[in-house]
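K.L.:
Sequence first, then the predicted structure:
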Amino acid sequence: MDPTRAPDFKPPSCNETPDPPLAPQSTIPKSGPIMPYVLADYNASIDAPIHPRDYKKHSKFGRQVSTAHHGSIPMKQDELQPLSNETSSEDEQDVDVNGDNDIGSSRPRMPFNRQMSALFDEEESQHIGSRIHKYQIADLEEVPHGVVRQARTLEDYEFPAHRLQKKLRNPNKLPLVIVACGSFSPITYLHLRMFEMALDAISEQTRFEVVGGYYSPVSDNYQKPGLAPSHHRVRMCELACERTSSWLMVDAWESLQPAYTRTAKVLDHFNDEINVKRGGILTATGAKAGVKIMLLAGGDLIESMGEPNVWADSDLHHILGNYGCLIVERTGSDVRSFLLSHDIMYEHRRNVLVIKQLIYNDISSTKVRLFIRRGMSVQYLLPNSVIRYIQEHGLYVNQTEPVKQVMGNKE
Ligand SMILES: Nc1ncnc2c1ncn2[C@@H]1O[C@H](COP(=O)(O)OP(=O)(O)OP(=O)(O)O)[C@@H](O)[C@H]1O
Ligand SMILES: O=C(O)c1ccc[n+]([C@@H]2O[C@H](COP(=O)([O-])O)[C@@H](O)[C@H]2O)c1
């Protein structure tokens, strides 16, 4: 169920530094807390949006007013990082046929395969097959564009940055990358919704601009029932991202590690790739800014931080203090009370943003696996491309899982 089951697992001790050691704090950009959430901590100068007039005073980015939406993710070809990975067809690069970049507009941007857009003239691209409007996200599942593939070995590994925003759009905001760690066995619409909920919460409530989002599926060394081989889980995440989203990516680095990797080290890896190797992202002035990296997790994962001998205290300080956490509430779980009662969480509470699910979604991978074993439909619980992949590879069909695991309610 968790790393404590690994044969070489040693419970974290308060006096010992876990191995491998964490990245030095000096390599992690100090972008401040996600928000002063507790009323008593409220300090307008920390959270208040900076007026463009005063911007120069507050930032090294200089003064430039952007008209872009605060939470927008770029889809214009020239704003995307070059494809660094192997792709599954000759011409895979998505183009923005809409020609706008505003994720918050009523017309979501639609990345299409260049090949496909060449097939449609301007009029045709308004209505594909006169049934699906070009702005409908559902199109992505139907368009036979390629899917960016992650390497299957560490030697061939390259950090995926093809959808990582190259430049900060709003000079009044600070750049933020969201990372979700988990099994994703298989990825479901809930896992996809988590990012959209986070995007909305960050855009509405904070001074950050989301410049990228990543899934980091855990490696096969994570001893959890129902875990499909990591290359399949990575591939399913890739299909889900490329076919249903215009901004999400999958990073295989964690899944390719020869041993279980603690989440604090996974966040260090993202910091290393984005801030140390790439120097952050460009701002309006042409200077680079450090990107805040935050862990996106459900209430159950956060509550596991309160269980003895699972997470090392030093890792929790590192994750919550140097990075930060976005917590999606689960049905019935009281994340705020947990935050209040957990000493380390409380200490770093200003770096933790609790995201309320306004439309409850409780799709569970465990139950999806059970349905597959029983030959039941999983349609509309996960993307069609993922369902097809599971069928093609016969995943989960012949598995057994302890009854307790399947019936277990995380709430
Ligand atoms: N119902 C939910 N509400 C909020 N977050 C969730 C929910 N289900 C899973 N998550 C979060 O999604 C991330 C990935 O979790 P995971 O892959 O374990 O999904 P799962 O559906 O819970 O899987 P499993 O059933 O195999 O335990 C974790 O951060 C987890 O907390
Ligand atoms: O870093 C740790 O000490 C640690 C302890 C327990 C769990 N985690 C991570 O939390 C995630 C749990 O995922 P899941 O699918 O079991 O909900 C997974 O990515 C684990 O690596 C991490």
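P.N.:
Thanks, I have the structure now. Remember, predicted model here, so these are calculated numbers, not experimental data. Ligands and ions are numbered 1, 2, ... in the order given.

K.L.:
For the stretch 251-400 of the chain, which residues are neighbours of ligand 1?
P.N.:
297-301, 328, 330, 362, 364-366 (Cβ under 6 Å from any ligand atom). Backbone N, C-alpha and C define where each C-beta goes, glycine included.

K.L.:
Can you add neighbour count and secondary structure and give the residues you listed back as a markdown table?
P.N.:
Formatted as a markdown table, those follow (neighbours: other Cβ atoms under 10 Å; DSSP: H, G, I helix; E, B strand; the rest coil):
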| residue | neighbour count | secondary structure |
| --- | --- | --- |
| 297 | 22 | strand |
| 298 | 22 | strand |
| 299 | 23 | helix |
| 300 | 15 | helix |
| 301 | 20 | helix |
| 328 | 28 | strand |
| 330 | 21 | coil |
| 362 | 14 | coil |
| 364 | 15 | coil |
| 365 | 23 | helix |
| 366 | 18 | helix |
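
K.L.:
Tell me the one of the residues you listed nearest ligand 1?
P.N.:
Nearest to ligand 1 out of these is residue 298 (Cβ to the nearest ligand atom; 2.2 Å).

K.L.:
Tell me who's in contact with the closest one.
P.N.:
By Cβ atoms under 8 Å, 6 or more residues apart in numbering, the contact set of residue 298 is 194, 327-328, 330.

K.L.:
In a markdown table: those, plus pLDDT.
P.N.:
Formatted as a markdown table, the contacts of residue 298 follow (pLDDT from 0 to 100):
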| residue | pLDDT |
| --- | --- |
| 194 | 98 |
| 327 | 97 |
| 328 | 96 |
| 330 | 87 |
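
K.L.:
Out of these, the closest to residue 206 would be?
P.N.:
Residue 206 lies nearest to residue 327 out of the contacts of residue 298, by Cβ to Cβ, at 13.9 Å.

K.L.:
so the closest one touches residue 356, yeah?
P.N.:
No - with contacts counted by Cβ atoms under 8 Å, residue 327 stays clear of residue 356, the gap being 10.0 Å.

K.L.:
Those two: which is more packed in?
P.N.:
residue 327 (25 against 11; other Cβ atoms under 10 Å).

K.L.:
average pLDDT across the host helix or strand of residue 240?
P.N.:
Per DSSP states H and E: residue 240 is located in helix 230-244. Throughout helix 230-244, pLDDT has a mean value of 95.

K.L.:
That helix and ligand 2 in contact?
P.N.:
No - for a cut-off given as Cβ under 6 Å from any ligand atom, helix 230-244 has no contacts with ligand 2; the smallest distance is 10.1 Å.

K.L.:
Tell me the buried residues in that helix?
P.N.:
230-244 (16 or more other Cβ atoms under 10 Å).

K.L.:
Now do it: which elements does it pack against?
P.N.:
helix 139-142, helix 189-205, strand 208-217, strand 248-250, helix 253-256, helix 384-392 (3 or more Cβ pairs under 8 Å, 6 or more residues apart in numbering; DSSP states H and E).

K.L.:
Okay, now the unreliable bits of the stretch 1-150 of the chain?
P.N.:
Scanning the stretch 1-150 of the chain for pLDDT under 70 picks out the ranges 1-4, 7, 13-15, 35-146.

K.L.:
Quick check, residue 149 in contact with residue 239.
P.N.:
No - in this structure residue 149 lies outside contact range of residue 239 using Cβ under 8 Å: 10.1 Å.

K.L.:
Could you dump the contacts of residue 298 into JSON lines and include distance to ligand 2?
P.N.:
Formatted as JSON lines, the contacts of residue 298 follow (distance: Cβ to the nearest ligand atom, whole Å):
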{"residue": "194", "distance to ligand 2": "12"}
{"residue": "327", "distance to ligand 2": "13"}
{"residue": "328", "distance to ligand 2": "12"}
{"residue": "330", "distance to ligand 2": "11"}
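
K.L.:
Just name the most buried of the helices and strands packed on helix 230-244.
P.N.:
With neighbours defined as mean count of other Cβ atoms under 10 Å, those peak in mean count at strand 208-217, which reaches a mean of 27.

K.L.:
Would you give the sheet partners of that one, along with the direction of each?
P.N.:
Strand 208-217 pairs in its sheet with strand 174-182 (parallel), strand 248-250 (parallel), by DSSP bridges.

K.L.:
Tell me the residue of the stretch 101-250 of the chain that sits nearest ligand 1?
P.N.:
For the stretch 101-250 of the chain, Cβ to the nearest ligand atom, closest residue to ligand 1: residue 182, 2.6 Å.

K.L.:
who are the neighbours in contact with that residue?
P.N.:
191, 215, 217-218, 297, 301.

K.L.:
And the contacts of the helix holding residue 240?
P.N.:
137, 140-141, 145-150, 152, 183-187, 191-192, 215, 217-220, 227-228, 248-250, 252, 255-256, 382-383, 385-386, 389-390, 393, 395.

K.L.:
out of those residues, who's near ligand 2?
P.N.:
183, 218.

K.L.:
sorry, back to before: and residue 400, which of the strands paired with strand 208-217 is closest to it?
P.N.:
Closest of the strands paired with strand 208-217 to residue 400 is strand 174-182, at 21.8 Å (criterion: Cβ to Cβ).

K.L.:
So which bits of the chain are right by ligand 2?
P.N.:
Residues of the chain lying near ligand 2 (Cβ under 6 Å from any ligand atom): 2-3, 181-183, 218, 222, 224, 262-264, 301, 304, 310-311, 315.
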